[in-house]
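**Q** Just a sequence and a predicted model for now, questions to come.
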There are 2 protein chains.
Amino acid sequence: MVSVELITVGDELLIGQVVDTNSAWIGRELGNIGAQVDRIVSVHDMAEDIQEAVQAALGRADVVIMTGGLGPTKDDITKKTLAELFSGGVLVRDEAVYEHVRRMTEERGLAFNELNRAQALVPEGCVALENRVGTAPGMMFVRPGAGDEREKLLFSLPGVPFEMKELVSEQVIPILKDRFALRAVVHRTMITFGLAESAMALAIAPWEEALPKWLHLAYLPNARGIRLRLSAYDVDVAEAAGEIEGQFDKLKMYIAPYMLGYEPASVESAVAGILAERGETLAVAESCTGGSISARITAMAGASEYYLGGVTSYSNEAKASILGVSTDDIEKYEAVSETVARQMAAGVLERFGADYGVSTTGVAGPGGGTAEKPVGTVWMAIAWRGDDGRVETSARLMRFSELRDQNIERAATHALNMLRLHLLGVSDAFQQTGML
Amino acid sequence: MVSVELITVGDELLIGQVVDTNSAWIGRELGNIGAQVDRIVSVHDMAEDIQEAVQAALGRADVVIMTGGLGPTKDDITKKTLAELFSGGVLVRDEAVYEHVRRMTEERGLAFNELNRAQALVPEGCVALENRVGTAPGMMFVRPGAGDEREKLLFSLPGVPFEMKELVSEQVIPILKDRFALRAVVHRTMITFGLAESAMALAIAPWEEALPKWLHLAYLPNARGIRLRLSAYDVDVAEAAGEIEGQFDKLKMYIAPYMLGYEPASVESAVAGILAERGETLAVAESCTGGSISARITAMAGASEYYLGGVTSYSNEAKASILGVSTDDIEKYEAVSETVARQMAAGVLERFGADYGVSTTGVAGPGGGTAEKPVGTVWMAIAWRGDDGRVETSARLMRFSELRDQNIERAATHALNMLRLHLLGVSDAFQQTGML
């Protein structure tokens, strides 16, 4: 198997000015061709740190890919450092790069200056890789094998994402495919929502134990659920894909109601899929979630097919005047209550003429909680038309955390999930078991 | 100076399933207290790789912070590996953690299972750090100094971002402040919106050239504007802070209308500040932005003080029936039009009894564009009451990109910025110069 290490160069990564999205992108692209990223290291733009990182990476991996530290105005420390390591410090002019940079500056109407001329200098013996979308060339260094040591490759690429991507796609990947027998790899990820990680582990233990040894399971939890990834290496790709699909089918015996679909599925995409298929429509009434359910639905292309709209009723007056919630009930039960949640869901359904309504009302925090209804208390409800045409509702109480953003995100996700389970015909009783 | 290295654990980072946003966040937070991240390493969830990375990091840095690999399921081996390294493999139950996990599962109505019990096991001799927002505790290990070698600290934190952030803010940073003489550092970041990077550079060049040499300026552009950071190192903190404040005051001479305030300011926080101060209220009517303006406003604590709510009118019927937009005008001008944008803003103002209304209507894409109104076309409007009590409106047309998420984010930001400029008394003419 081809082992790859990434080295990203730049103070901006270490002080947190820039998030390193390059590495994740390279990891995915190489994974798709069966090469594996085994380590990512970010270092300062300092010769000593770069040298140390390069030597260590070449000691472990077959291929090292460096990004960053190659721009025209940057302190061009990466190139110098690589020259020290590979060519005794000697830089030579690459005529193809020189011509390319000259033409590129000319086309852009810029002066061909000192800095551009310097860009055509590369360490002697390296292979300059044409950068069609920028002036800094990529570079490939080959360290020949010796004794037990295999031949190693090092690529140095600009850090600007679109230039890096161009060079990886057009230069690095073809070279890797050409030089190495790459391993076949299959990844597939199922998105789940509603089970806590420990409950999930227990629920699926029998399935997990029965997985073939060559399939690797990973749990990837985040705020919107747990992703379950199955991976297979060195396999017949079509066969492994079929096996993985079959295994996820079996998983339905254990946790069907929690499975949202393959990545990039989400609770909202699952709801959208069902509504679009049935030709039914939705409207939402949000208090504590403040519009975020609506924003999540409309972030998906094609939402207008099933989504009629929503009301963020942040004031009691709006709950009454727009959604038709009884002012007496708001007075009697308060805004954060089962009654108000049900009336909001029913009200928005009627107001928009939708088939389904979803609502939330809660204490998002940080202030505003009481002993009885502390911060994190959320009532949510869904509404639909029963067989007799009358509006029916179902409500649920949840207690989240003290963090406002968490409370909003989780309330929105759970409210949408309530509707999803209802659409799937999962009973209210199941929803209330606390497994969710 | 305190040198910190970060180790992020998880295959998901290496195969590119997850972008490592934790490291950038930690880099920023530590920079703010005068500690410096000197290296970031991402490794597989494999004992050997973790061990090697930890040993190497402890050899270089004063403090090592690990994130990831601490969830309740079996694929998490960080804890075992640290036990091998620091306590001869011995795990002991931490009673405080045990009680916390038990109470937390109980409050959430979940079963307290064997995996939760395992979460209370920590390597002997480590300090368990309370995680108020999750069940996996943080851990601190102290490696005593010996000979020339200083004492070293290692923190292991869960990888889930909100849990990691809670632990860094509430535990790690206070401990670092307590144990180390941190370098004096002052960073202050001004958030701007509305000027492109090159236009900004030209506009502020005289100011930049007159900055004292010991103040460092960084441009940090992102989708919501350009952040301008001034930094000073090894200085008298109060004096430097005063100087920086004075410099940003001077900056107002050049770009006052674009300055939103100090980080974490945003267009919405700037609007919120003005409304709260004046005791005025806002309601929003969203079509193409789909609830995201509302969600951005309500993400801020205390929004109910000035925010009455909003309507996402994703259908023409909702625009007419809830916001009172003329159906004839929708027919005549189409939903994406100046007329409809103005009527939406005025309608939502009246419907909610607010002092101001904001609206958007556009083609978010990917489909639905025409030659005349391509994808990315957005009309936005604001409404207010004039001196005679009548509702007045102002509208603006913008053309963004072909990307749905970009179009939504930019339309929401620009619509809020229109209101902000109106509240500041900046004329419509200025807003239309294209500088914005």
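**A** Sure, I can see it.
**Q** Now do the strands in the stretch 201-350 of chain A.
**A** The residue ranges that make up the strands of the stretch 201-350 of chain A, judged by DSSP state E, counting those that start in this stretch, are A:215-222, A:225-233, A:259-262, A:282-286, A:307-313.
**Q** Spell out whether the last one and chain B are in contact.
**A** It stands for strand A:307-313. Yes - on the criterion C-beta under 8 Å from any C-beta of the partner chain, strand A:307-313 is in touch with chain B at A:Tyr307, A:Leu308, A:Gly309, A:Gly310, A:Val311, A:Thr312, A:Ser313. Glycine gets a C-beta too; all of them are placed from N, C-alpha and C.
**Q** counting contacts, what elements does that strand pack onto?
**A** With contacts defined as 3 or more C-beta pairs under 8 Å, 6 or more residues apart in numbering or on different chains; DSSP states H and E, the secondary structure elements packing on strand A:307-313 are strand A:282-286, helix A:292-298, helix A:316-321, helix A:338-352, strand B:307-313, helix B:316-321.
**Q** what distance separates the fourth one from the middle of the whole chain?
**A** Put plainly, it is helix A:338-352. Using C-alpha atoms, centre = their mean, to the nearest Å, the mean C-alpha position of helix A:338-352 is found 33 Å from that of the whole chain.
**Q** Direction included, what does the helix or strand following that helix pair against?
**A** Once the chain leaves helix A:338-352, the next helix or strand it forms, by DSSP states H and E, is strand A:356-362. Neighbouring strands of strand A:356-362 in its sheet, by DSSP bridges, are strand A:282-286 (parallel), strand A:377-385 (antiparallel).
**Q** tilt between the last one and helix A:338-352?
**A** Here the directions of strand A:377-385 and helix A:338-352 differ by 40 degrees (axes from the mean of the first three to the mean of the last three C-alpha atoms, to 10 degrees).
**Q** Mind checking the strands paired with strand A:356-362 for the one nearest to B:Ile408?
**A** Between B:Ile408 and these, the shortest separation by C-beta to C-beta is 16.8 Å, and it involves strand A:282-286.
**Q** Can you tell me what sits against the closest one?
**A** A:271, A:275, A:292-294, A:297, A:306-313, A:323, A:344-345, A:347-349, A:351-352, A:354-360, A:419, B:291, B:294, B:312 (C-beta atoms under 8 Å, 6 or more residues apart in numbering or on different chains).
**Q** wouldn't A:Met200 be in contact with A:Thr192 here?
**A** Yes - proximity of A:Met200 to A:Thr192 meets the contact threshold set by C-beta atoms under 8 Å, at 7.0 Å.
**Q** Name the residues contacting each of the two.
**A** A:Ile226, A:Ile255, A:Tyr258.
**Q** Report the beta-bridge partner residues of the first one.
**A** This points to A:Ile226. Taking DSSP bridges, one finds A:Thr192, A:Pro221 as the beta-bridge partners of A:Ile226.
**Q** Against B:Lys165, how distant is A:Thr377?
**A** Computed as C-beta to C-beta, to the nearest Å, the A:Thr377 to B:Lys165 distance reads 23 Å.
**Q** Counting neighbours, go ahead and name the busier of these two.
**A** With neighbours defined as other C-beta atoms under 10 Å in any protein chain shown, A:Thr377 and B:Lys165 compare such that A:Thr377 has more, 24 against 17.
**Q** Around chain B, which positions in the stretch 201-350 of chain A sit nearby?
**A** Taking C-beta under 8 Å from any C-beta as the criterion, the neighbours of chain B within the stretch 201-350 of chain A are A:201-202, A:217-223, A:227, A:229, A:284, A:286, A:289-295, A:297-299, A:301-304, A:307-315, A:317-318, A:321-322.
**Q** Could you tell me which of those count as buried?
**A** The neighbour count (16 or more other C-beta atoms under 10 Å in any protein chain shown) marks A:201-202, A:217-221, A:227, A:229, A:284, A:286, A:289-295, A:297-299, A:303, A:307-315, A:318, A:322 as buried among those.
**Q** Nearest spatial neighbour of the closest residue to chain B within the stretch 101-250 of chain A, chain-adjacent residues omitted?
**A** Of all residues in the stretch 101-250 of chain A, A:Ser198 sits closest to chain B, at 3.8 Å by C-beta to the nearest C-beta. Across the structure, with C-beta to C-beta, 6 or more residues apart in numbering or on different chains as the measure, the residue nearest A:Ser198 apart from its sequence neighbours is B:Leu115 (3.8 Å).
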